[in-house]
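In: Only the shape, not the letters, is given here:
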Ligand SMILES: *[C@@H]1O[C@H](CO)[C@@H](O)[C@H](O)[C@H]1NC(C)=O
Ligand SMILES: *[C@@H]1O[C@H](CO)[C@@H](O)[C@H](O)[C@H]1NC(C)=O
Ligand SMILES: *[C@@H]1O[C@H](CO)[C@@H](O)[C@H](O)[C@H]1NC(C)=O
Ligand SMILES: *[C@@H]1O[C@H](CO)[C@@H](O)[C@H](O)[C@H]1NC(C)=O
Ligand SMILES: [Zn+2]
């Protein structure tokens, strides 16, 4: 991701945690692919003034797909607000402006300056129209004719071309990705969210293609010349230009609903229409649920024109999905479902992304954030309802609970980095800073803050507040103040809330979370003699550094061992000062804060309280009295406290020891990536690494037995997801039962291809098959990749191909990422990461591939930003000092060709060294703890201290 260019190394350190399993997080799919290397100067010229307001925009484009170009005419009806204007400025980044003309309100030409009627400035991506004389305020019409390229790399965004094969024949299509600032590459426009206007789009295309798609339905079709057809779409309501979209293709649509007043279409390349059904069923249900929740009908938003509800599967797509008005684009893998080939994780992904994009129709499209600095006004809500509205549409998916381990935990992880930015980020002033605000801050963190507000306010008043906000700002812009006002009103009107919190201002409370960077930890000290519970808040930093003073208004909910209550998530206290006390009941009872982790904060207890929690959790007859989401919070918090050195290692492993009995999906989900992070830090000390692996396998034994290797018809969603995550981990750690079961499934498949591997087991079964197999196994699976027609399944296969241990096969695999056009740009960098993840011993081969081909990789993986993703991905895997120095000297030998990527090389080296240092510091202690816990290994007593000294002198000379 592009963040690395803006944020310091610490971010990468924190991010490395998630990097272990990059595609597993269902959260944050839009930002995951967002990166940008273009540079605007930080300059006020970057923003347009509001002297000129577009009211209606007509865009006509004459599109030539084969030649990847278009001729366009754009005509604006504008209102000039300022009098005596001498220059009109708007955005453009097209190939060439041909002509510019202006008429006044009565149709008379307005004279432009001569010479120099207009100029363009590529730094600010603007067109400056110079008027001969100052003009009065009023209505004007501006017409611009221009030529533009259709981009051929999806990562250039804007209007871009992709391809697919139909019966072996290559077919082109072109579609758009305008958010946040690429509309200007397709036509000159006022390219900021605050400029909302109606748009009339028309497109001329070859008659050999199918009808085009845009935001609205086609109003008129005419043949303009033999072989050329023009389609004009209905006018949009008032929208921001980043929501405009069109697709020129031979894609086909299926309409799966019977109600003509509520059309719902899935659109894709021909040949995969049988994969449309699931997205359509869940999408219709989600639309209905959102209608009810918001009290504003989706199909009523057209302001008199018929609304469409189209969802398009795009083979090449730079983001995960995009909420264009009336026409959502998705990466194919996130929309098309094939029962035989799409696993449960990907199925949930489809449901939640559809929900995310549909929520944007209200939050983002109907009411738009006034500027990208407060993108959370769009994205936090989409990320919130992504889980909760899908939960209403299909409760069996258990998304209400998954929200916590997906969004809340990733928000806390992200916020633990020193580089985390606030939800209202005033640093958003130019293109790179706009891009980098499409971050966990605006998505998962904002969504987690909203969940905290909902639990504080209550579900009904929260919904009422959102309804006020939407109603009052429909077809316009929203600001944080608008949101605070709406929630205040709802809070004021709710009797329960007003009685419980007579002096609390919900707006002020929410604002503390919007303005502060990072998230807090609440440090708790329990005096069991007096019952007094002391609380102290501070920002949590993974580096363990002392944070600058910051205050949040933290809703505190809590319970204690004497009187368990995990039902009520309503806070009973707001911690608004640095420290405070609450009066509990005296007695020898543990205390626990943050019920069901409804608040966005970690909790650290005094040692004795931790000790009591640990023994309560270790007791199989009491463990499950503690809510599963609090067990998940505890393991996640403790693992982060280990990394930040905020808990003694003895106590930390004492708490974690209950995992030995734990069988719950959520608790394990909260543990896996952090345990993996610690294990990777020991990789350069083989004996400690082996010991830690044994320790993890010891924790896993029981849950592996509990789950079993075969899926049962009665399994719940979380049981299936648990089996997926546990078996994947167990097989990777070398669990013999997992490996032999996977091998047997693999061999049955190899023997007869009709014996498909169960869809939810494919990831680890394929991987084990290749890891334990040879070049023929690799070739066999590669053939599956070549013939698969389900994009999600192809990603599963692609990941597993990286598990081969055969060097020649691995080189074939890496080579394919440069040449095989079934591997889309967006999957090529993933493939590079999968090769690193596949096996520790893959690293030298992958590095050699990078050294030999880096210029080609840069080109064939989609450009500079994608290349940087590859470089950054190396950081988590460089655990051998020889490789680190080799990598660094490669960087310096090729500085000229690497350019600014050299600074990424430096960051990677720093991160790798920090990782080694962390491991060196922690290993002796951890080793002591797990050895004394594990009698069988007690014989190993290598003097590690000697190894550390040797390493340390090597590294820090
Ligand atoms: C754009 O405008 C700025 C400020 O006037 C000027 O410094 C810069 O040289 C211009 N850049 C181009 C490419 O015209
Ligand atoms: C955003 O934060 C800055 C200060 O950090 C403040 O001046 C500004 O008013 C805030 N904007 C909004 C919309 O909350
Ligand atoms: C593969 O299995 C199917 C179904 O069990 C069977 O019909 C087919 O004959 C088998 N093919 C081979 C080559 O054994
Ligand atoms: C580090 O890499 C070098 C070169 O590939 C190899 O000889 C050495 O054994 C590796 N060291 C460890 C501890 O794996
Ligand atoms: Zn979104």
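Out: Right, received. Where do you want to start? Since we're looking at a predicted model, the values are computed, not measured. Numbering: from 1, shown residues only. Ligands and ions are numbered 1, 2, ... in the order given.
In: Please make it C-alpha for all contacts and neighbour counts, starting now.
Out: Fine.
In: And the one helix or strand residue 514 maps to, what does it pack against?
Out: Here residue 514, judged by DSSP states H and E, is contained in helix 506-515. With contacts taken as 3 or more Cα pairs under 8 Å, 6 or more residues apart in numbering; DSSP states H and E, helix 506-515 sits against helix 446-457, helix 480-493.
In: chain center to the helix or strand following the last one, what's the gap?
Out: What it means is helix 480-493. Sequence-wise, the next helix or strand downstream of helix 480-493 (DSSP H and E) is helix 495-500. Helix 495-500 sits 36 Å away from the centroid of its parent chain (Cα atoms, centre = their mean, to the nearest Å).
In: Tell me which stretches of the stretch 1-150 of the chain form strands.
Out: 52-64, 69-80, 85-91, 96-104, 118-121, 126-135, 138-149 (DSSP state E, counting those that start in this stretch).
In: nearest to residue 788, of those strands?
Out: With Cα to Cα as the measure, strand 52-64 is the member of these nearest residue 788 (30.7 Å).
In: quick one: contacts of that closest one?
Out: 69-82, 88, 187, 190, 195-206 (Cα atoms under 8 Å, 6 or more residues apart in numbering).
In: And the buried ones among the residues you listed, selectable in PyMOL?
Out: Buried members of the contacts of strand 52-64 can be picked out in PyMOL with the line below, counting by 16 or more other Cα atoms under 10 Å:
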select buried, resi 69+70+71+72+73+74+75+76+77+78+79+80+88+187+190+195+196+197+198+199+200+201+202+203+204+205+206
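In: Which positions in stretch 464-475 come out as buried?
Out: Taking 16+ other Cα under 10 Å as the criterion, stretch 464-475 shows 464-471, 473-475 as buried.
In: Distance to ligand 4, pLDDT and secondary structure for the residues you listed - can I get that in TSV?
Out: Formatted as TSV, the buried residues of stretch 464-475 follow (distance: Cα to the nearest ligand atom, whole Å; pLDDT from 0 to 100; DSSP: H, G, I helix; E, B strand; the rest coil):
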residue	distance to ligand 4	pLDDT	secondary structure
464	59	98	helix
465	58	98	helix
466	56	98	helix
467	59	98	helix
468	61	98	helix
469	58	98	helix
470	58	98	helix
471	62	98	helix
473	60	98	helix
474	61	98	coil
475	60	98	coil
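In: Let me know the closest of those to ligand 1.
Out: Taking Cα to the nearest ligand atom as the measure, ligand 1 sits nearest to residue 475 out of the buried residues of stretch 464-475, at 33.3 Å.
In: List the residues that contact that closest one.
Out: 237-239, 365-368.
In: can we see that at 6 Å?
Out: Residue 475 is in contact with 238, 366-367, counting by Cα atoms under 6 Å, 6 or more residues apart in numbering.
In: What sits closest to whichever residue of the stretch 51-200 of the chain sits closest to ligand 2 if chain neighbours are left out?
Out: Residue of the stretch 51-200 of the chain nearest ligand 2, by Cα to the nearest ligand atom: residue 194 (13.3 Å). Excluding the flanking residues, the one nearest residue 194 by Cα to Cα, 6 or more residues apart in numbering is residue 370, at 5.2 Å.
In: and the one you found, backbone torsions?
Out: Backbone torsions for residue 370, taken as degrees, to the nearest 10, come to phi -70, psi -30.
In: same thing with residue 363?
Out: phi -90, psi 90.
In: That one contacts residue 379, doesn't it?
Out: No: counting by Cα atoms under 6 Å, residue 363 stays clear of residue 379, with 7.8 Å between them.
In: These two - which one has more neighbours?
Out: Counting neighbours by other Cα atoms under 10 Å for residue 363 and for residue 379 shows that residue 379 has the greater number, 30 against 25.
In: The closest residue to residue 45 other than its chain neighbours and residue 370: what is the separation?
Out: Sequence neighbours aside, residue 124 is the residue nearest to residue 45 in space, at 7.0 Å (criterion: Cα to Cα, 6+ apart). For residue 124, the distance to residue 370 equals 20 Å [Cα to Cα, to the nearest Å].
In: the more surrounded of these two?
Out: The neighbour comparison of residue 124 against residue 370 (other Cα under 10 Å) goes to residue 124, with 23 against 20.
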